[in-house]
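Enquirer: all I have is the shape, not the residue letters:
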């Protein structure tokens, strides 16, 4: 599903590499937490998976494709199989909940019939049935993140990348979001989630990958958060 | 491609950027109207050139009896019939010559009287004072020199005169004016391009949230860039349409109505509606292509894949 082969990455004008010699493999259907303090390389790790960045050395394979060799015009097709959610939700404030979700399908040219059918389905799945016509501003943070998850999941991606999805939410709401992500994971979607949320990691008991100063320092199945911050 | 979606995106984009869009439309319209105008002016000049060059001839004036005293070329007295026949034969042999007309002093006198009838002193002139001349029509009016070098200074020839030279000053002036128009046009085009680039930049910036999400969910770059390019193209199309209107109105105002140049200057054959209308598609095409290309290249820089 995902393979990092000896990946190093240094950003321009920075002395210290953001990632150094990271190698690991994530299988289809896994749920993986990516932990580490700020600046440990978590974001770079995620960005490399989306090919927002390219590696300096080493190779990143996602969904069987070597991202360094993937041409620019094939990249969008790869991204269609990857859903992404963020700490700040990134919803369009001038579109309703349903329109936000539909947007993801519209811009990849899905037929209107498909959109009309799938959008309510996925809103139902994330627990937002009946809120189709609300604006994002009228929703709570947890609900907004559910909209973002609906948008990420509406095209049934094989991989879901979550960059601190509970970072802006209170613990109780976070639990709800995690339950949702767990459900999505159970449908066969691989989930990679970067987080600082110790409680969640400790509760879920999933595989934990820890980065420190760009190095892979721990890779533990059914792990815990493991360090104090 | 879902047309409705793209169209609504374009609408949103244009409305959000209304002032900039307006500036783009106006500058595109002005620069294209100038472009079309100077194009038409050049066409008018070449039109006039063709028309006048067709009419102008090289004149070879021959000596008459009275010229001997005041013209050096004619010191040997009036042209003889032999010399005249020789000149005519030589003219007809030259490949550059199209037609030769011979004008007798009598005919010259008649023309002169017609042309200046009613003016004082005309009665003092007698046919004796007029001279024989050849009016030579050339296949290519540029080749005046051939005639001049062959006949100037020949016995019996008083002077060789190219009427085209008189017109060249006028055409020089008109051409100079079109160059000024072209310079202004180049300036306007630069302004229009900069405005378009800036508008697209602002547009891309104000929609970075949307385009960011589009990238993330795997929209093709074509799909992401299309609304921006279409916006620029639409503004360009409106600008081009306005430019077309200005050209048509300009022709009407200068030639038919308003200044009524056609009625005032009947000697010049002005461009017809057909000439103007033939330029319009070009104006529209440039009006659409120029902003679209500018948008395309701007987006390559500001919207990464």
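Expert: Sure, I can see it. Note that the structure is a prediction, hence the values are computed from the model and not measured.
Enquirer: buried residues, the helix or strand containing residue B:107. List them.
Expert: Residue B:107 is part of helix B:105-115 when elements are defined by DSSP states H and E. For helix B:105-115, the neighbour count (16 or more other CB atoms under 10 Å in any protein chain shown) marks B:105, B:108-109 as buried. From N, CA and C alone the C-beta is placed, and that goes for glycine too.
Enquirer: how about the secondary structure of the closest residue to chain A within chain B?
Expert: Residue of chain B nearest chain A, by CB to the nearest CB: residue B:218 (3.4 Å). Three-state call for residue B:218 (DSSP: H, G, I helix; E, B strand; the rest coil): coil.
Enquirer: phi and psi next, for it.
Expert: According to degrees, to the nearest 10, the main-chain angles of residue B:218 amount to phi 90, psi 30.
Enquirer: how many neighbours does it have?
Expert: Neighbourhood size, residue B:218 [other CB atoms under 10 Å in any protein chain shown]: 21.
Enquirer: and it, what pLDDT?
Expert: Confidence at residue B:218, expressed as pLDDT, is 90.
Enquirer: and whichever helix or strand residue B:84 is part of, what's buried?
Expert: In the assignment (DSSP H and E), residue B:84 maps to helix B:81-93. Buried positions in helix B:81-93, judged by neighbour count with 16+ other CB under 10 Å: B:83, B:87, B:91.
Enquirer: endpoint to endpoint, stretch B:9-28 covers what distance?
Expert: Using CA to CA, to the nearest Å, the end-to-end distance of stretch B:9-28 comes out at 22 Å.
Enquirer: mean confidence for it?
Expert: So the average pLDDT for stretch B:9-28 ends up being 82.
Enquirer: ok, that stretch near chain A or not?
Expert: No - between stretch B:9-28 and chain A, judged by CB under 8 Å from any CB of the partner chain, nothing touches; the nearest distance is 8.6 Å.
Enquirer: now do that stretch: everything it contacts.
Expert: Taking contacts as CB atoms under 8 Å, 6 or more residues apart in numbering or on different chains, the residues outside stretch B:9-28 that touch it are B:188, B:191-192, B:195-196, B:198-199, B:202-203, B:206-207, B:227-228, B:230-232, B:234-236, B:238-240, B:242-243, B:287, B:290-291.
Enquirer: ok, 6 Å please
Expert: Applying CB atoms under 6 Å, 6 or more residues apart in numbering or on different chains, the contact partners of stretch B:9-28 are B:191-192, B:195-196, B:199, B:203, B:227, B:230-231, B:235-236, B:238-239, B:287.
Enquirer: buried subset of the residues you listed?
Expert: Burial by neighbour count, judged by 16+ other CB under 10 Å, picks out B:192, B:195-196, B:199, B:203, B:227, B:230-231, B:235-236, B:238-239, B:287 from the contacts of stretch B:9-28.
Enquirer: buried stuff in the host helix or strand of residue A:208?
Expert: If you go by DSSP H and E, residue A:208 is part of strand A:207-212. If you call a residue buried by 16+ other CB under 10 Å, then strand A:207-212 has these buried ones: A:207-211.
Enquirer: and stretch A:206-225, by the same measure?
Expert: Buried residues in stretch A:206-225 (16+ other CB under 10 Å): A:206-211, A:214, A:216, A:223, A:225.
Enquirer: just put those in TSV and tack on pLDDT.
Expert: TSV is the format used below for the buried residues of stretch A:206-225 (pLDDT from 0 to 100):
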residue	pLDDT
A:206	94
A:207	95
A:208	95
A:209	95
A:210	94
A:211	94
A:214	92
A:216	94
A:223	82
A:225	84
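Enquirer: any chance of those in a markdown table with distance to chain B as columns?
Expert: Below are those laid out as a markdown table (distance: CB to the nearest CB, whole Å):
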| residue | distance to chain B |
| --- | --- |
| A:206 | 24 |
| A:207 | 25 |
| A:208 | 26 |
| A:209 | 23 |
| A:210 | 26 |
| A:211 | 23 |
| A:214 | 24 |
| A:216 | 26 |
| A:223 | 29 |
| A:225 | 28 |
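Enquirer: residues touching the residue of chain B closest to chain A, list them.
Expert: Contacts of residue B:218 by CB under 6 Å, 6+ apart are A:76, A:79-80, A:108.
Enquirer: before we move on, back to that, how about JSON lines for the buried residues of helix B:81-93, with distance to chain A and pLDDT added?
Expert: Supplementary listing: those in JSON lines, determined by distance: CB to the nearest CB, whole Å; pLDDT from 0 to 100:
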{"residue": "B:83", "distance to chain A": "83", "pLDDT": "82"}
{"residue": "B:87", "distance to chain A": "77", "pLDDT": "82"}
{"residue": "B:91", "distance to chain A": "71", "pLDDT": "81"}
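Enquirer: residue closest to the middle of chain A?
Expert: residue A:161 (1.6 Å; CA atoms, centre = their mean).
Enquirer: pLDDT value on that one, please?
Expert: On the pLDDT scale, residue A:161 gets 96.
Enquirer: could you look up the SS state of it?
Expert: At residue A:161 the chain is in strand, as set by three-state DSSP.
Enquirer: for the chain, longest helix please?
Expert: Assuming you mean chain A. Taking DSSP state H as the criterion, chain A has its longest helix at helix A:171-186.
Enquirer: that answer is for a different chain, and I need it for chain B
Expert: If you go by DSSP H, chain B has its longest helix at helix B:164-206.
Enquirer: and that helix, how far from the chain's centre?
Expert: A distance of 14 Å separates the centroid of the chain from that of helix B:164-206, by CA atoms, centre = their mean, to the nearest Å.
Enquirer: could you say what helices and strands that helix packs with?
Expert: For helix B:164-206, the contact count by 3 or more CB pairs under 6 Å, 6 or more residues apart in numbering or on different chains; DSSP states H and E identifies helix B:18-55, helix B:221-251, helix B:273-302 as packing neighbours.
Enquirer: which secondary structure elements does the second one sit against?
Expert: Under the contact criterion of 3+ CB pairs under 6 Å, 6+ apart, helix B:221-251 touches helix B:3-16, helix B:18-55, helix B:164-206, helix B:273-302.
Enquirer: wouldn't residue A:224 be in contact with residue A:200 here?
Expert: No - counting by CB atoms under 6 Å, residue A:224 does not reach residue A:200; the two are 10.7 Å apart.
Enquirer: thinking again about what came up before, could you check the angle the longest helix of chain B makes with helix B:221-251?
Expert: Interaxial angle, helix B:164-206 versus helix B:221-251 (axes from the mean of the first three to the mean of the last three CA atoms, to 10 degrees): 140 degrees.
Enquirer: so who does the residue most central in space within chain B touch?
Expert: For chain B, the residue nearest the mean C-alpha position is residue B:42 (0.8 Å; CA atoms, centre = their mean). By CB under 6 Å, 6+ apart, residue B:42 lies in contact with residue B:178.
Enquirer: quick one: pLDDT of it?
Expert: We have a pLDDT of 78 for residue B:42.
Enquirer: how close does it get to residue B:177?
Expert: Counting by CB to CB, to the nearest Å, the gap from residue B:42 to residue B:177 is 10 Å.
Enquirer: next: residue B:107.
Expert: Taking CB to CB, one finds residue B:107 at 39 Å from residue B:177.
Enquirer: give me the neighbour count for residue B:274.
Expert: Neighbour count for residue B:274, taken as other CB under 10 Å: 7.
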